[in-house]
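Enquirer: model this:
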Amino acid sequence: MSKIRVEVTSKDVKNEDGLEYTGYGIIAYRTEPPEIVFEIEDLSSEKDEVISIAKLISDNDVSAGHFGDIIEDFCV
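Expert: The predicted model follows:
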């Protein structure tokens, strides 16, 4: 099984009040065979928080089934 690689993504988002902000997310994928295993857009407006989550996932090479647990620990 290949190592999971994680990238931080960003996009402009508008909330219910019409205010715009940059939402950061993550995309995790395997290189062999190439496949996206997990993707979340607009996880947080705090880039450093999302980078920490991405680094934790990448460093521990967790399976897709554990992403939810890691993200929940960071965001609660």
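Enquirer: what mean pLDDT does stretch 13-28 have?
Expert: The average pLDDT for stretch 13-28 rounds to 90.
Enquirer: repeat for stretch 52-60
Expert: 80.
Enquirer: pull out the buried residues from that stretch.
Expert: The neighbour-count check on stretch 52-60 (16 or more other C-beta atoms under 10 Å) flags 53-54, 57-58 as buried. Using the backbone N, CA and C atoms, a C-beta is placed for each residue, glycine as well.
Enquirer: for the residue most central in space within the chain, which non-adjacent residue is spatially closest?
Expert: Geometric centre of the chain, nearest residue: I26, 2.4 Å, by C-alpha atoms, centre = their mean. Computed as C-beta to C-beta, 6 or more residues apart in numbering, the closest residue to I26 that is not its neighbour in sequence is A54, at 5.0 Å.
Enquirer: my read: that neighbour touches G25, true?
Expert: No. Contact criterion C-beta atoms under 8 Å: A54 and G25 do not qualify, at 9.5 Å.
Enquirer: where do the contact lists of these two overlap?
Expert: Contact criterion C-beta atoms under 8 Å, 6 or more residues apart in numbering; residues shared by A54 and G25: V8.
Enquirer: all helices for the protein, in order.
Expert: Using DSSP state H, the helices of the chain run over residues 47-60, 67-75.
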